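Participant: Sequence plus predicted model, see below.
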Amino acid sequence: MSILKYTLNNGEIIELNLSRTARKNVILRLDKYGELKFNVPPCLSLQRAFRWLSENEGKFLQIWHQSKQLKQARVSIIKQIWFLGKRYRCASQITDKIYWHPQQGIILPDLPVYEQRQLLINWLKTQAQQYLIERLKRWSQIMQLQPQAMAISRAKTFWGVCRSKTGIRLNWRLIGAPDYVIDYVCIHELGHLKHPHHGPAFWALVDKYTEQTKLAKMWLRHNGKELFQLG
Ligand SMILES: [Zn+2]
């Protein structure tokens, strides 16, 4: 892959990631970071690639504006994040990896924001994989209920899910919530191994292990949306 620089009439330069693929067509698209990907057939000359861009400038500029918007949209959402029930400020520094400091907050490598965002998501998912699953295992032992499997989910519509065949999956975004909320979701989903529906017997079982049901639900109602701020 190489970078192709295309200069507009007003002097502005647009950078495209050029790659050659075994296809007959030229494809111009955005990747998930908002980068412009320009795929051309193996033997298309650079001159002809430039000509294609100028001939399709309308479409090309439209995609480029989308790219700018995508990158811009991500700039504004990364000032602070929820982690283990607290809001932490995010700051950039010259470092090669993300780290979390109880006072300084989240320190991110000094990279373009859309890259920082992806790093942050991956980091939170890794934390979720360790912390949430460990907590679920603990409650599984305490409650003497063993799901078929325990995993992290990317779902956008639930915090936890329990199925007899596939076990329990917890939304990775719960890593932003305080312990009593995480525990409530674990207990709730484990409870479903015994009682599939939300009947009185189910809630009696949940109440046996946590007194925080109401507070946890309230916390998720108030802050749940912010746990989705990174998408
Ligand atoms: Zn339920």
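Facilitator: Okay, I see it.
Participant: Please, where are all the helices along this protein?
Facilitator: For the chain, the helices defined by DSSP state H occupy 46-55, 57-75, 113-143, 179-191, 200-209, 213-223.
Participant: and those as a markdown table, adding distance to Asn171?
Facilitator: Any C-beta I mention is one placed from the backbone N, CA and C, and that applies to glycine too. Converted to a markdown table, the helices of the chain look like this (distance: least, C-beta to C-beta, whole Å):
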| stretch | distance to Asn171 |
| --- | --- |
| helix 46-55 | 42 |
| helix 57-75 | 21 |
| helix 113-143 | 8 |
| helix 179-191 | 8 |
| helix 200-209 | 18 |
| helix 213-223 | 10 |
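Participant: Count the residues that sit near the closest residue to Thr7 other than its chain neighbours.
Facilitator: Closest residue in space to Thr7, ignoring its immediate chain neighbours: Ile13 at 5.4 Å, by C-beta to C-beta, 6 or more residues apart in numbering. When neighbours are counted by other C-beta atoms under 10 Å, Ile13 registers 8.
Participant: Tell me which residues touch Ile13, please.
Facilitator: Ile13 makes contact with 5-7, according to C-beta atoms under 8 Å, 6 or more residues apart in numbering.
Participant: Report the inter-axis angle for the helix or strand of the chain with the lowest mean pLDDT versus helix 46-55.
Facilitator: Sorted by mean pLDDT, DSSP states H and E, the helices and strands of the chain end with helix 57-75, the least confident at a mean of 80. Here helix 57-75 runs at an angle of 80 degrees relative to helix 46-55 (axes from the mean of the first three to the mean of the last three C-alpha atoms, to 10 degrees).
Participant: about what we covered before: going through the contacts of Ile13, which ones are buried?
Facilitator: Buried members of those, scored by 16 or more other C-beta atoms under 10 Å, are Tyr6.
Participant: Next step: the contacts of Ile13 restricted to strands.
Facilitator: 5-7 (DSSP state E).
Participant: can I see the domain layout of this structure?
Facilitator: 2-74, 80-228 (automatic domain parsing).
Participant: so of the ones you listed, which one's packed in deepest?
Facilitator: Of the domains of the chain, the one with the most neighbours on average (mean count of other C-beta atoms under 10 Å) is domain 80-228, at a mean of 16.
Participant: what mean pLDDT does that one have?
Facilitator: Domain 80-228 shows a mean pLDDT of 94.
Participant: Start and end of it, how far apart?
Facilitator: One end of domain 80-228 to the other measures 13 Å (C-alpha to C-alpha, to the nearest Å).
Participant: Apart from its neighbours in sequence, what residue is nearest the spatially most central residue of the chain?
Facilitator: In the chain, the residue lying closest to the centroid (C-alpha atoms, centre = their mean) is Ile121, at 4.4 Å. Computed as C-beta to C-beta, 6+ apart, the closest residue to Ile121 that is not its neighbour in sequence is Leu230, at 5.3 Å.
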